[in-house]
Every structure is written in structure tokens, then in C-alpha cells.
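A.B. asks: Curious how this folds, go ahead:
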Amino acid sequence: MKAIISVIGKDNVGIMYNVSKVLKDCSVSIEDVTQTILKEYFTMLMVVRLDEEKTSFSELQKELQAMAEREGLTLTVQKEEIFDAMHKI
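C.D. replies: Numbering: from 1, shown residues only. Below you'll find the model as predicted:
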């Protein structure tokens, strides 16, 4: 299953590392990523592939949200099909 992750927060060292570490620990593969810094704000979008036999979607959400709270980030994770349905015209 694929998911879309968005991350926004004040830029600081380690944001990409912290997100990637959670994904690694949950056996999630990064398929595509884009990130930029807008003034002092870090923004990132990722397309990831999740093997739900190793980690459930809800467990991934829980782990990412816990990290985001610790780091002061705004993070969302959505299943790809829901993201796609929300953005169809």
C-alpha cells in the first residue's frame, strides 16, 4: 500500500533524519520525496510504500505523530487512494 506524508515545521537539523528513521523502523520504503526550505520553514512531501504485514497503517501514523510532536512539526499521513480521491476534479 502507498501513502502520502507531508511535513511542515521550522527548519532545524535532523528533520529528514527523524522522519526517515521512523520509516526505517517501521519497514516503510520511500518511493519519492521532495523537500524545500521556504524562508525559515521546512516542507516535505513523500510517497512511501508500506508493507502492512510488517507495520499497520495506524501504527505508522502513531509513530510518525509521536515523532512530529517531539520535534514540533506538523505531519499528515494519508493512504494514497484517499489522497487521490480528495484531489480529483
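A.B. asks: Residues in a beta bridge with the closest residue to Glu80 other than its chain neighbours, which ones?
C.D. replies: Nearest residue to Glu80 in three dimensions, chain neighbours excluded: Lys2, at 3.9 Å (C-beta to C-beta, 6 or more residues apart in numbering). From N, CA and C alone the C-beta is placed, and that goes for glycine too. Listed beta-bridge partners, Lys2: Arg49 (assigned using DSSP bridges).
A.B. asks: For Lys2, give me its contacts.
C.D. replies: 31, 47-50, 79-80 (C-beta atoms under 8 Å, 6 or more residues apart in numbering).
A.B. asks: These into a markdown table, with extra columns for neighbour count and distance to Ile8?
C.D. replies: As requested, those are exported to a markdown table (neighbours: other C-beta atoms under 10 Å; distance: C-beta to C-beta, whole Å):
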| residue | neighbour count | distance to Ile8 |
| --- | --- | --- |
| Glu31 | 11 | 20 |
| Val47 | 16 | 17 |
| Val48 | 21 | 17 |
| Arg49 | 14 | 22 |
| Leu50 | 22 | 21 |
| Lys79 | 14 | 20 |
| Glu80 | 15 | 20 |
